[in-house]
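**Student:** fold the stuff below for me.
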Amino acid sequence: MELNGAPVTLEEVKALALTNYGHFTSMLAEDGKVRGLSLHLQRLARDCRLLFDVELDTDMVRHCVRSALPDSGDRTVVRVTSYDPGIDLGTIGSDATPHILVTKRSASDKVPSPMRLQAASYQRELPTVKHIGLFGALQRRRTAQREGFDDVLFLNPDGYISEVATSNIGFVRDGQIVWPRAAYLAGITMTLLHQELDEPVSTEPLSLADLGQMEAAFATNASTGVREILSVDDVAWESGHPMLGELRKMYEDIPAETV
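**Tutor:** Numbers count the residues shown, from 1 in each chain. Modelled structure (predicted):
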């Protein structure tokens, strides 16, 4: 764990627990490279303007990530969090000086296991921002896991499907990819796939009633890539749809950028 490229102190990091105001992005690094690095940096810069009204030094972000990466070529999930340790609950309106906290963890090189989702009515605050206020999402994920599911699928107040707790969701219908049309955070993996797909991106308002028309479902996330979804509530799909393998390979073949 490093803050602005140096070891972090308890005093500097406690604002994340006590104030919990900031934003982040998570990326998969291997051999000093990250797939979609430019998009991750654009996200950080955009969200920094929205939450702190300042421009983020993305060159500094790259330096901090580079400093935190292991010397070996191990696959590593790197999380970059932008927050101001000098702001507290009473001074949240002050001019901000965002700091860059980089944390990391090892990443598996195995294909992620398929998952089963429980649908729940919920919409994140500022759904287009990858902010650190995850209580509502995690509480609903916990409920789903306590009831035997792997994760939770959010339904917006209008009843339409939006996203998984920390992933996007897509479907296969008639051999085509269909994404929900709703308020959600457009993930980096999802965006990269959009750029690679030959056909135009198809988005529709989708409800639980539409799931029976789908041939398969999948989640996308920078840490796990393309992950198969076996079911949502009592709607289930057969495992191993060939298009999911094609999507996974398409994503893995995207050239990574040097940090």
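**Student:** residue 48: helix or strand, and which one exactly?
**Tutor:** helix 37-52 (DSSP states H and E).
**Student:** can you tell me the closest non-neighbouring residue to residue 62?
**Tutor:** Of all residues not flanking residue 62 in the chain, residue 259 sits nearest, at 5.8 Å (Cβ to Cβ, 6 or more residues apart in numbering). Backbone N, C-alpha and C define where each C-beta goes, glycine included.
**Student:** identify the residues contacting the one you found.
**Tutor:** Residue 259 is in contact with 29, 32-34, 37, 62, 65-66, 69, counting by Cβ atoms under 8 Å, 6 or more residues apart in numbering.
**Student:** got those residues as JSON lines, with neighbour count, pLDDT and secondary structure columns?
**Tutor:** Output for the contacts of residue 259, formatted as JSON lines (neighbours: other Cβ atoms under 10 Å; pLDDT from 0 to 100; DSSP: H, G, I helix; E, B strand; the rest coil):
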{"residue": "29", "neighbour count": "24", "pLDDT": "94", "secondary structure": "strand"}
{"residue": "32", "neighbour count": "16", "pLDDT": "91", "secondary structure": "coil"}
{"residue": "33", "neighbour count": "15", "pLDDT": "94", "secondary structure": "strand"}
{"residue": "34", "neighbour count": "24", "pLDDT": "96", "secondary structure": "strand"}
{"residue": "37", "neighbour count": "20", "pLDDT": "97", "secondary structure": "helix"}
{"residue": "62", "neighbour count": "17", "pLDDT": "96", "secondary structure": "helix"}
{"residue": "65", "neighbour count": "26", "pLDDT": "95", "secondary structure": "helix"}
{"residue": "66", "neighbour count": "15", "pLDDT": "93", "secondary structure": "helix"}
{"residue": "69", "neighbour count": "20", "pLDDT": "88", "secondary structure": "coil"}
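**Student:** go through these and name the one nearest residue 11.
**Tutor:** When these are compared for distance to residue 11 (Cβ to Cβ), residue 65 wins out at 23.3 Å.
**Student:** now the residue nearest to that closest one when sequence neighbours are not counted: how far from residue 109?
**Tutor:** The shortest distance from residue 65 to any non-neighbouring residue, by Cβ to Cβ, 6+ apart, is to residue 259 (5.3 Å). With distances taken as Cβ to Cβ, to the nearest Å, residue 259 is found 19 Å from residue 109.
**Student:** ok, residue 225 - contacts?
**Tutor:** Going by Cβ under 8 Å, 6+ apart, residue 225 touches 28, 112, 189, 248, 251-252.
**Student:** among the residues you listed, which pair sits farthest apart?
**Tutor:** Taking Cβ to Cβ, no two of these sit farther apart than 28 and 248, at 13.6 Å.
**Student:** neighbour-wise, which of those two wins?
**Tutor:** Neighbour tally, residue 28 and residue 248, criterion other Cβ atoms under 10 Å: the higher count belongs to residue 28, 21 against 17.
**Student:** quick one, what contacts residue 238?
**Tutor:** residue 216.
**Student:** sorry, that was for residue 9
**Tutor:** Going by Cβ under 8 Å, 6+ apart, the list of residues near residue 9 reads residue 3.
**Student:** distance of the residue nearest to residue 62 relative to residue 128?
**Tutor:** 26 Å.
**Student:** likewise residue 3?
**Tutor:** Residue 3 sits 27 Å away from residue 128, going by Cβ to Cβ.
**Student:** cool, and residue 25?
**Tutor:** 13 Å.
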